[in-house]
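**Q** Sequence unavailable; structure follows:
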């Protein structure tokens, strides 16, 4: 009996009432993978919109439905544990691929076996850069961002170093971490460092913590600018000084630094 070839890439997208963006995302993914063996997991995170109907339009999508809302880490882990691809891609529903985005990413990682995780250039719909590649945060950088200093003091060295704003984002480089909107990770890396940490409250620091553990295990994390993806939502634009998400961000920040401060010094 001939052994079935494992997928090159397992893609995981979580939709929490994001059906209005999901169709464009799925269409853009499947237009560019003719020569790539993929499996696509769509996790419906207790949505009340048309997410399920959209999934029905794509027979190659493996559909997982939650009846209670779960967090970023637990949803992605749920799908990762069912996946079989050589690479795993965490992909937001508010993204749109260019036709060669995914094949180019897989080809790059196939040629660079020392890279454990990677992302492409993320842009806003107007083609401006989103700062998806960053250095690990320092307590001062976190405090300054909470207080809105980046809006009033855009040339602050502390913040520019954290967000890598002095770099034009048109050249390849190693970075500390990549946001989870588009994050491709090697299967053997996950086998080594484990899944996303579900002890963080959803939505912040799960991707930072994962990248931290990947780098600590000796893998490189790479930003690849010749490959591009449009990200319709920039979470930076949603920041405000005091709200529930700020509290969660603070709580997760304290958890992250308390766990890893020795290695961040």
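**A** Nice, thanks for sending it over. Here the structure is a predicted model, which means the values were calculated and not measured. Residues are numbered from 1 along each chain as shown.
**Q** And the pLDDT for residue 163?
**A** Turning to residue 163, the model gives it a pLDDT of 88.
**Q** neighbours of it, just the number please.
**A** If you count neighbours by other C-beta atoms under 10 Å, residue 163 ends up with 19. All C-beta spots, glycine's among them, are computed from the backbone N, C-alpha and C.
**Q** Over to residue 148?
**A** Residues near residue 148, counting by other C-beta under 10 Å, number 12.
**Q** Residue 221 in helix, strand or coil?
**A** Look at residue 221: counting by DSSP: H, G, I helix; E, B strand; the rest coil, its state is strand.
**Q** Then residue 229?
**A** With three-state DSSP as the criterion, residue 229 reads strand.
**Q** Just list the residues touching it, thanks.
**A** Listed by C-beta atoms under 8 Å, 6 or more residues apart in numbering, the contact set of residue 229 reads 95-98, 101, 120-123, 182.
**Q** Apply the buried test to these and list what passes.
**A** 95-97, 101, 120-123, 182 (16 or more other C-beta atoms under 10 Å).
**Q** wait, which of the residues you listed is closest to residue 88?
**A** residue 182 (11.9 Å; C-beta to C-beta).
**Q** how near is that closest one to residue 100?
**A** To residue 100, residue 182 is 15 Å away according to C-beta to C-beta, to the nearest Å.
**Q** Same check on residue 9?
**A** Distance from residue 9 to residue 100, counting by C-beta to C-beta: 14 Å.
**Q** More neighbours: which of those two?
**A** Legend: neighbour count by other C-beta under 10 Å for residue 9 and residue 100, higher for residue 9 (24 against 14).
**Q** from what I can see the more buried one touches residue 103, true?
**A** No. With contact defined as C-beta atoms under 8 Å, residue 9 does not reach residue 103; the gap is 9.1 Å.
**Q** Residues that sit against both of the two, list them.
**A** By C-beta under 8 Å, 6+ apart, residue 9 and residue 103 have these common neighbours: 33, 36.
**Q** Remind me which helix or strand residue 141 belongs to.
**A** If you go by DSSP states H and E, residue 141 is part of helix 139-146.
**Q** Sweet, I'm off.
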